[in-house]
Each structure stands twice: as C-alpha cells, then as structure tokens.
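>>> Here is the input, now give the coordinates:
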Amino acid sequence: MRKISELQLTNLLFSMDEDGIAVVTLNRPAKRNALDSTTVEELVELFSTLPRAGARACVLRAEGPHFCAGLDLVEHWQADRSAADFMHLCLRWHEAFNKMEYGGVPIIAALKGAVVGGGLELASAAHIRVADQSTYFGLPEGQRGLFTGGGATIRVADLIGKARMIDMMLTGRLYRGQEAVDVGLAQYLVEDSEAKAMELARAAAQNPPLSNFAICSAISHMQNMSALDAAYAESVVAGVVNTQEAAKARLEAFAMGTAARIKPDQNQ
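You can find the predicted model right below:
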C-alpha cells in the first residue's frame, strides 16, 4: 500500500500537523463538492492509508459554501451507466465510507451549506458531525427518481430512525438548525463548524490511540452483532484496551489524585 505522501489527489486536499491532526478537504467547490467517481476513489485511498500515517484525529471539511451536494449528477448522466456499472460504483462508495467509520481514527465532519444525498451519507460515516447555521440536511433521491446507494439505509436510518429517513426521501423534507441536532443528524450546532471540529479533534487526539481505535471501530462492529456476540466482543476489547500501559498510567494518576483528596476520616 502506498504511503499517504505518495497519493495523487485531485479532488481532495490533505494536510497533517505535528500533533497528528489530519485535515481532509473536499475540493470541488464549483460543483458544490459533489462526489464523482474520482473523488470516491480518492476517499478510498486516503482513508485506507490514514490509520497507518500517524494520524491521531481527522477533520473532514470542504472548500466553498457547501459541504457536499451528493452524487455528481452531471457525471452520472454523461456516463449513461448500466445497472451493473452503478452497482459497482455504489460498492466503492461503501468501501470509502466503511474505511472512515471502521478505520479507528476519530473523524470530525465540519458541516456547512448543503449536506444532501450522498453528502449526508458521507457525513454520516464520520464519528462526530458539527453543523453551522447555514447547514441543511436532505435526502432528495425521491424527487430525482433515485435511491440511496452510499449507506443511508444503514447510517442515516441509524441516526434518525427509519420513519424520518423515509419522510425525507419521499417529500424532500430538509432539517436544519436545532431541529437537525435534536433528531440526531449532528451533535453540535455552532457559529464556526471548522473551529469547533478542530477543537474536538485536538481533544480526541489526547486519548491513547488504542482507546480511540476501539471507540471508532469496535462500537460500529458490535452494533452489527447479536447482543450475545456483542457482549463477548466488548469484553475482549475491554480486556485489551483497559490493560494497555497508557491506561494503567492514567488510572494510576487518577487513583493517586483521588486518594489525596479523601480526608483521613473518610477512609475509616
């Protein structure tokens, strides 16, 4: 597998600072950052490589006033794809978004403007979503004679429930502002989504990497299991993570600090 520095990116921008905070930028502002096949392949490559590149957290942002308008409909129309062609394209979307959700690096999406269709599918693959006042969420596939193909039936339905997702697709309903947060489309509503996303990324990056890996991969895996299997898997992961040296050091510091605050008569 190529190193992240060797990737030839056209529609994405990538940077990473000395603290391991990566920034991935959707860079097709003239197209409202619509996802064409090239962008999807770049997402697959980048998020396949990111966990081994030393990244401790990642901010996903976009150039221009919109986060992502979803499927590049112009490319789709011009390509005149067969059913098999589009099925294979959708599988690449799933590959990209699975690399994000299950890769083990915390991804915080800084949202603005349009987060619709495939753009919402992309955002839902991030672990934390931060919206600003301009952000609106939609699944307009029904009005376009389309159906979701990038995981909305899995991730968006999980976030907001089946009934709300069906409503969005059938009627074109949009969510924005506090209502979007209340139904689960974003966890934060702020004036500057990028500044908040960076703040959250830096906070997450302070955690031991193994803890973050478990939080950002194991939970999603366990959601796909039966309750009995998930309980077993959780116990195994907890056994590994909770006995790592970084955890032992932090627990020791916590225990020592707690003991120092307890008065002598409370120990009797």
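
>>> contacts, neighbours, all on C-alpha from now
Fine.

>>> Check what contacts the host helix or strand of Ser220 and list those residues.
Per DSSP states H and E: Ser220 is located in helix 219-223. Helix 219-223 is contacted from outside by 101-102, 229-230, 233-234, using CA atoms under 8 Å, 6 or more residues apart in numbering.

>>> Please identify the buried residues of that helix?
If you call a residue buried by 16 or more other CA atoms under 10 Å, then helix 219-223 has these buried ones: 219, 222.

>>> Show the average pLDDT along that helix.
Helix 219-223 shows a mean pLDDT of 96.

>>> Give me the distance from stretch 18-25 to the chain's centre.
Centroid displacement of stretch 18-25 relative to its chain, using CA atoms, centre = their mean, to the nearest Å, is 15 Å.

>>> For that stretch, output the C-alpha coordinates as PDB.
Presented in PDB, the C-alpha positions along stretch 18-25 are these (Å, rounded to 0.1, in the frame of the first residue of the first chain):
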ATOM      1  CA  GLU A  18       3.000  17.800  14.100                       C
ATOM      2  CA  ASP A  19       0.300  16.700  16.600                       C
ATOM      3  CA  GLY A  20      -1.200  14.200  14.100                       C
ATOM      4  CA  ILE A  21      -4.300  16.200  13.400                       C
ATOM      5  CA  ALA A  22      -5.200  15.500   9.800                       C
ATOM      6  CA  VAL A  23      -7.400  17.700   7.700                       C
ATOM      7  CA  VAL A  24      -9.100  16.300   4.600                       C
ATOM      8  CA  THR A  25     -10.800  18.800   2.400                       C
END
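
>>> all helices of the chain, in order?
37-49, 73-79, 83-102, 118-124, 155-160, 162-171, 177-183, 193-205, 209-213, 219-223, 227-241, 245-261 (DSSP state H).

>>> Tell me which of those helices lies nearest to Leu26.
helix 37-49 (8.4 Å; CA to CA).

>>> In that closest one, which residues are buried?
Under the neighbour-count criterion of 16+ other CA under 10 Å, helix 37-49 has 37, 39-49 buried.

>>> same question, stretch 149-165
Under the neighbour-count criterion of 16+ other CA under 10 Å, stretch 149-165 has 149-153, 155-157, 159-160, 165 buried.

>>> Right, I'll leave it there.
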